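K.L.:
Sharing a sequence plus its predicted fold:
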Amino acid sequence: MTQLKRPSLTTLILLAVVAGMVFGALLPGPAKELRILGTMFLRFIKSIIAPLVFATLVSGIAGAGSIKTVGRIGGKALLYFEVVTTLALFIGLGAVNLVKPGIGVQLEKGAAPGVAQTGTGLSQILEHTIPTSIFDAMARGEVLQIVVFSILFGAACTAIGFKARPVVEFCESLAEVMFRYTNYVMYFAPIGVFGAMAATVGEKGPAVLLNLGKLVLTLYGALVFFVVVVLGTVAVIARIPLKKFYAHVREPFLIAFSTTSSEAALPRALENMESFGVPKHIVALVLPAGYSFNLDGSTLYLSLASVFVAQAAGVNLSFGTQLLMVLTLMLTSKGVAGVPRASLVILAGTLASFNLPLEGIAVILGIDELMDMARTSVNLLGNCLATAVVARWEGVKFPEEVPAMEEAFAQTAR
């Protein structure tokens, strides 16, 4: 007798999306009362923000070693990461401002929407990034303050070295605990998705689904543009053999897409990139570091989703405010690839920092599974390309190129 296979979390969430839409359309009155389920899920998500950001940043920075240790390779990798992720953020920003998928969703505005509307100057904004107490910053959910503290704390652990090892091990353990905690929270996701989607459709009407479809299509279109134009251009400039690269990255890409977890694809990605021809020491340094500092798909999604919520709430963010949001996301997006849908945690912190309604997450939650598959697989693709680019930057010649170069040299000699 064949045993029935237990449905995956992905399947359950997708079923919850459909069930919530149907319930909200058929029974709008009772559906409105189910918002409490989405609210409960959001509170769980908010409880993850501070410890997860602190633990992943400290352990990531301390684990990478000092710049002297990582040397030339580490410096090149970090430079590449920041340039590419910044481009991803601006592509997301451009796509959401061009398509405007949030117009028509009609969320409630926050208490004081938009940083630019507060009249706060640059000096006050910079001052606000420095925490007077890390515990106060964690209690109030000040993500940027937590990031600043964590970066300096991680750098101090690296400078001290062996004596700081117990602290670093604690942060590594805390990060693992928070990943597992987040997995437990995600078991509640189908129920939260059902309640959030049912309440949204019940309150806003089925027409809101058109805007959510526009958001998904906007993200996929922006990611395709990023992969083809940005990563494609990088690959051509770095003279990466595309056919061979595709053959080696295809399997880990599909693993990341189907599981919505970059970590699930990491072992095979490490193996395949070595097989591709990238030296082991470069793969071992660049690929894991990219999991914290080179999240192309997630950073593009975060800039797009943040402005989507502002549009849905009727908040007109100035260009300066959007730039500040991009700067915030550049810092807070580090380390979000450790667990499926962890981008929701960073998005919640960003919305809170800019006084945008967290109800926007409840709206996005129902379709986040579809978006997470795309952004996670692009994260993986970007990190695999990063190892090849850094290897090329170091003068590495991939195996299939060597005979061709030797033949070219022989012809020149003749």
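P.N.:
Alright, I've got the coordinates.

K.L.:
low pLDDT regions in the stretch 1-150 of the chain?
P.N.:
Flagging of the stretch 1-150 of the chain using pLDDT under 70 yields the residue ranges 1-4, 9-10, 42, 60-61, 63-71, 104-126, 128, 141-144.

K.L.:
and stretch 352-365, average pLDDT?
P.N.:
Throughout stretch 352-365, pLDDT has a mean value of 76.

K.L.:
meant to ask about stretch 385-395, not that
P.N.:
In this model, stretch 385-395 carries a mean pLDDT of 88.

K.L.:
what's next to it, contact-wise?
P.N.:
Among residues not part of stretch 385-395, those counted as contacts by CB atoms under 8 Å, 6 or more residues apart in numbering are 72-73, 76-77, 80-81, 84, 231, 234-235, 238-240, 245, 249, 273, 276-279, 282-283, 286-287, 290, 294, 398. Yep, even glycine has a C-beta here, placed from its N, CA and C like the rest.

K.L.:
The one residue sitting closest to the centre of the chain and Glu169: what is the separation?
P.N.:
Among the residues of the chain, the one closest to the centroid is Ser298, at 2.7 Å (CA atoms, centre = their mean). Taking CB to CB, to the nearest Å as the measure, Ser298 falls 27 Å from Glu169.

K.L.:
got it, and Ser275?
P.N.:
Distance, Ser275 to Glu169, by CB to CB: 32 Å.

K.L.:
Name the residues of whichever strand or helix holds Ser47 that are buried.
P.N.:
Mapping Ser47 onto the secondary structure by DSSP states H and E places it in helix 35-64. By neighbour count with 16 or more other CB atoms under 10 Å, helix 35-64 contains the buried residues 35, 37-39, 41-42, 44-64.

K.L.:
Just the buried positions in stretch 145-154, please.
P.N.:
145-151, 153-154.

K.L.:
Restricted to helices, list the residues you listed.
P.N.:
Using DSSP state H to define helices, the subset of the buried residues of stretch 145-154 located there is 145-151, 153-154.

K.L.:
Give me the secondary structure label for Ile91.
P.N.:
The three-state label for Ile91, taken from DSSP: H, G, I helix; E, B strand; the rest coil, comes out as helix.

K.L.:
Same check on Ala164?
P.N.:
Under three-state DSSP, the three-state class of Ala164 is helix.

K.L.:
Check which helices and strands the helix or strand Leu79 falls within sits against.
P.N.:
Following DSSP H and E, the helix or strand that holds Leu79 is helix 67-99. Counting contacts by 3 or more CB pairs under 8 Å, 6 or more residues apart in numbering; DSSP states H and E, the secondary-structure elements packed against helix 67-99 are helix 208-225, helix 280-293, helix 296-312, helix 319-332, helix 368-393.

K.L.:
out of those helices, deepest packed?
P.N.:
Most buried of these, by mean neighbour count (mean count of other CB atoms under 10 Å): helix 296-312, with a mean of 28.

K.L.:
Next, the angle from that one to helix 368-393.
P.N.:
In this structure, helix 296-312 runs at an angle of 140 degrees to helix 368-393, with axes from the mean of the first three to the mean of the last three CA atoms, to 10 degrees as the basis.

K.L.:
Need the ones in helices among the buried residues of stretch 145-154 in a markdown table (columns: distance to Pro101).
P.N.:
As requested, those are exported to a markdown table (distance: CB to CB, whole Å):
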| residue | distance to Pro101 |
| --- | --- |
| Gln145 | 31 |
| Ile146 | 30 |
| Val147 | 28 |
| Val148 | 32 |
| Phe149 | 35 |
| Ser150 | 33 |
| Ile151 | 33 |
| Phe153 | 38 |
| Gly154 | 36 |
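
K.L.:
Just name whatever secondary elements the helix holding Ser47 is in contact with.
P.N.:
Using 3+ CB pairs under 8 Å, 6+ apart as the contact test, the elements touching helix 35-64 are helix 134-140, helix 143-160, helix 165-187, helix 189-204, helix 280-293, helix 343-353, helix 359-365.

K.L.:
and the longest one, how far from the chain's centre?
P.N.:
What it means is helix 165-187. Helix 165-187 has its C-alpha centroid displaced from the chain centroid by 18 Å (CA atoms, centre = their mean, to the nearest Å).

K.L.:
Next, the angle helix 189-204 makes with that helix.
P.N.:
Using the same axes, to 10 degrees, the inter-axis angle of helix 165-187 relative to helix 189-204 is 60 degrees.

K.L.:
Tell me which two of the buried residues of stretch 145-154 sit farthest apart.
P.N.:
The span of these, defined through CB to CB, is set by Gln145 and Gly154 at 15.0 Å.

K.L.:
least reliable of the helices and strands packed on helix 67-99 going by mean pLDDT?
P.N.:
The weakest mean pLDDT among those belongs to helix 280-293, with a mean of 73.

K.L.:
packing partners for it?
P.N.:
helix 35-64, helix 67-99, helix 262-276, helix 368-393.

K.L.:
Out of the ones you listed, which is closest to Val216?
P.N.:
When the helices and strands packed on helix 280-293 are ranked by proximity to Val216, the top entry is helix 368-393, at 5.5 Å, counting by CB to CB.

K.L.:
Give me the neighbour count for Ile160.
P.N.:
Counted by other CB atoms under 10 Å, the residues lying close to Ile160 total 13.

K.L.:
next one: Thr129
P.N.:
Using other CB under 10 Å, the number of residues around Thr129 comes to 15.

K.L.:
Identify the residue spatially nearest to Leu37, adjacent ones excluded.
P.N.:
With CB to CB, 6 or more residues apart in numbering as the criterion, Leu37 has its nearest non-adjacent residue at 2.6 Å, and that residue is Gly195.
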